[in-house]
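J.: What would the 3D arrangement of this be:
(chains A, B, C and D)
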Number of protein chains: 2
Amino acid sequence: MQAAQACRKGEPMDKAKPEGPDQLAEALARTPRGSGRRLRGAVAHYLGSAIVSGQIAPGAKLTGEIANSEALNVSRSAYREAVQVLTAKGLVASKPKDGTRVMPRSNWNLLDPLVLTWAFTGEPDPGFVRDLFELRALVEPGIARLAAERRSKEDLAAMKAALAAMRQHTLATEAGRTADREFHEALLRAAGNEVLMSLAASIGSAVNLTTQYKQRARALPRDPIPDHARVYDAVAAGDGDGAAAAMQALVDLAHRDTREVMDQTPG
Amino acid sequence: MQAAQACRKGEPMDKAKPEGPDQLAEALARTPRGSGRRLRGAVAHYLGSAIVSGQIAPGAKLTGEIANSEALNVSRSAYREAVQVLTAKGLVASKPKDGTRVMPRSNWNLLDPLVLTWAFTGEPDPGFVRDLFELRALVEPGIARLAAERRSKEDLAAMKAALAAMRQHTLATEAGRTADREFHEALLRAAGNEVLMSLAASIGSAVNLTTQYKQRARALPRDPIPDHARVYDAVAAGDGDGAAAAMQALVDLAHRDTREVMDQTPG
DNA sequence: ACACGGGTATTTGTCGGAGTAATTCTTTGG
DNA sequence: CCAAAGAATTACTCCGACAAATACCCGTGT
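T.: A predicted model of the protein is given here:
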């Protein structure tokens, strides 16, 4: 695909500029590039993964635009747009003459779904997973409490339907997992807080990634449906404390499952 | 002219108003553009504010790249890079033939510092502020609890120094506010959770914006230093529950202050 | 010897135009 | 009436040149 660039004008290969190992271009071509994903997205994924995984340390500065875009066999425009994405997520910052530098980790937007995706390419850092579960443990019970206080009849109906679908399909099927997502989404709507909704979307994306990881390790999670039911009952009863406690149990369960999987797959 | 505004499909276009040729370009030039802020940043700020403030509703599609960039008197590259920033923050999505559409609010990354900035240009939405404080009420006590359990001697020293500086300068001075930030930063370091750190950075940015707003209304916040001291004491004593409670009180206080200010300045 | 100020080189930033690719809408054939 | 082929529209990518900003070097003056 990138070959089109080199061949389009039929320019002859210049010996003065040794092509160098286009290991980079290969790696770039290997990056998954689905329907909506454009070239700039692939570049962003490549650079973002390299940064989040630590291959490019904070403070380091990456190669200049012209050189780097040529190394990746992409145009400078596409490369620059990819860098803008990284900049928007706080991973890098660019200044004339100084170049584009990787920012300290404290500046990264770790809750951005894409950044989370990059963090989970390869082996996830156990400390990072622990941090994520600590956040879940803080936020999700609070969401459940708010939901218990504010839920409408429609919210309850949606949660009940999702719960029934979960029971029917189980979490082993895609339909079951969809129902699970719908349950949490309904809970979130019931909580009536847009900011928490946005945060939960990020967390949910992280949950999906860990779940994927769990499945990769072929671990069978124990049945979480009773816990979901407890959350539902407490929310329906308007019992904030009960809902928070039930949700806390749910998060703890997921944490324990994940930790087990990560322990049984050492290097 | 009106090119940059939302353009719903099927609606007949009014003929151009006879006003100044580039009203948009003027507005763009008026957008604050500090040292590091580039042209693309100004465009992103302009479009982002218009979207977050609701001037361009979700589902609406913005004018094509060529027309819109010309209307703003910027090159297509700069405009596209600005749109990439918005895309990275979940505000818009682009597809060939369909154009660039504003995404539903649930897709926005409301915790992104820039998005928060855009949300606070003009009158902040009271509901949004409430949501933010609910998040703070959930997360910050948890941070204090973790800090109480994990703080090192260095953490305590840093917090103590910041507290002293706060006492000396008070929050009316810039030095005092810097000390305040340092206190919270030290607390965060003590908690030892990178994800919470990233989240707190976003929240802190929102806090700064609300504080700015409070100052704009010339309201004098009551003295929060005793509450900070209580947090410090509990953290030093390793009292997780106490630290959480003290921090809860601090957040409540800030919420009350902000609400007062917002009540006394109705639209 | 050192502080300071100006010039210079390097790097990102902006520009404009041309051609490509993907997707929706339309049209046509079954 | 439906489905597949085609047309139109839009974003996407590429290219090459120029402008702006700033870190760095060097000469100057004290």
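
J.: sec struct for A:Ala246, please.
T.: Assigned with DSSP: H, G, I helix; E, B strand; the rest coil, A:Ala246 falls in the helix class.

J.: which residues touch it?
T.: Contact analysis of A:Ala246 by CB atoms under 8 Å, 6 or more residues apart in numbering or on different chains lists A:144, A:227, A:230-231, A:233-234. The C-beta positions use only the backbone N, C-alpha and C, and glycine is treated the same way.

J.: go with 10 Å
T.: Residues in contact with A:Ala246 (CB atoms under 10 Å, 6 or more residues apart in numbering or on different chains) are A:141, A:144, A:148, A:226-235, A:239.

J.: got it, and A:His228?
T.: Contacts for A:His228 were tallied using CB under 10 Å, 6+ apart; they are A:159, A:162-163, A:166-167, A:179-180, A:183-184, A:187, A:246-247, A:250.

J.: Please flag which of the residues you listed sit within helices.
T.: Under the assignment DSSP state H, those contribute A:159, A:162-163, A:166-167, A:179-180, A:183-184, A:187, A:246-247, A:250 to helices.

J.: Just the buried subset of those, please.
T.: Neighbour counting by 16 or more other CB atoms under 10 Å in any protein chain shown classes A:159, A:162-163, A:166, A:179-180, A:183-184, A:187, A:246-247, A:250 among those as buried.

J.: which of those residues are close to DNA strand C?
T.: Near DNA strand C, judged by CB under 7 Å from any atom of the strand, there are no entries from these.

J.: Looking at these, which one is closest to DNA strand C?
T.: Of all these, DNA strand C sits closest to A:Ala179, with 27.0 Å by CB to the nearest atom of the strand.

J.: so what's that closest one scoring on pLDDT?
T.: With respect to pLDDT, A:Ala179 scores 94.

J.: That one contacts A:Leu163, doesn't it?
T.: Yes. The pair A:Ala179 / A:Leu163 is scored as a contact, 7.7 Å apart, by CB atoms under 10 Å.

J.: Okay, the closest residue to DNA strand D within chain A and chain B: tell me how far apart.
T.: Nearest to DNA strand D in chain A, going by CB to the nearest atom of the strand, is A:Leu39, at a distance of 2.7 Å. When distance is defined by CB to the nearest CB, to the nearest Å, A:Leu39 is 13 Å away from chain B.

J.: burial of the closest residue to that residue other than its chain neighbours, as a residue count?
T.: Distances taken as CB to CB, 6 or more residues apart in numbering or on different chains put A:Ala78 closest to A:Leu39, at 5.1 Å, once the chain neighbours are dropped. Counted with other CB atoms under 10 Å in any protein chain shown, residues neighbouring A:Ala78 total 18.

J.: A:Ala78 is in what secondary structure piece?
T.: helix A:76-88 (DSSP states H and E).

J.: That helix to helix B:76-88, inter-axis angle?
T.: With axes from the mean of the first three to the mean of the last three CA atoms, to 10 degrees applied, the angle from helix A:76-88 to helix B:76-88 works out at 40 degrees.

J.: you'd agree A:Ser97 is in a helix?
T.: Careful, residue A:97 is Lys; it's not Ser. No. Using three-state DSSP, the secondary structure at A:Lys97 is coil, not a helix.

J.: What pLDDT is listed against it?
T.: pLDDT recorded at A:Lys97 is 96.

J.: Report how many residues lie close to it.
T.: Residues lying near A:Lys97 (other CB under 10 Å) number 4.

J.: if I pick the nearest residue to A:Arg189 once chain neighbours are set aside, what's in contact with it?
T.: Setting aside the residues directly before and after it, A:Arg189 is nearest to A:Asp155 in space (CB to CB, 6+ apart), at 6.0 Å. By CB under 10 Å, 6+ apart, the contact set of A:Asp155 is A:147, A:186-192, A:235-236.

J.: what do you get for A:Ala179?
T.: Contact analysis of A:Ala179 by CB under 10 Å, 6+ apart lists A:161-171, A:173, A:228.

J.: and which of the residues you listed is nearest to B:Asp125?
T.: Proximity of the contacts of A:Ala179 to B:Asp125 (CB to CB) peaks at A:Ala162, which lies at 29.6 Å.

J.: Isn't that closest one up against A:Ala190?
T.: No. Counting by CB under 10 Å, A:Ala162 does not reach A:Ala190; the two are 11.8 Å apart.

J.: Tell me where chain A is predicted with low confidence.
T.: Counting by pLDDT under 70, chain A shows low-confidence ranges at A:1-27, A:32-35, A:219-221, A:265-267.

J.: So which residues of the stretch 151-267 of chain A form helices?
T.: Counting by DSSP state H, counting those that start in this stretch, the segments of the stretch 151-267 of chain A that form helices are A:153-169, A:174-191, A:194-216, A:225-236, A:240-263.

J.: Next, format the ones you listed as JSON lines and append distance to B:Asp263.
T.: Below are these laid out as JSON lines (distance: least, CB to CB, whole Å):
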{"stretch": "helix A:153-169", "distance to B:Asp263": "29"}
{"stretch": "helix A:174-191", "distance to B:Asp263": "24"}
{"stretch": "helix A:194-216", "distance to B:Asp263": "21"}
{"stretch": "helix A:225-236", "distance to B:Asp263": "31"}
{"stretch": "helix A:240-263", "distance to B:Asp263": "27"}
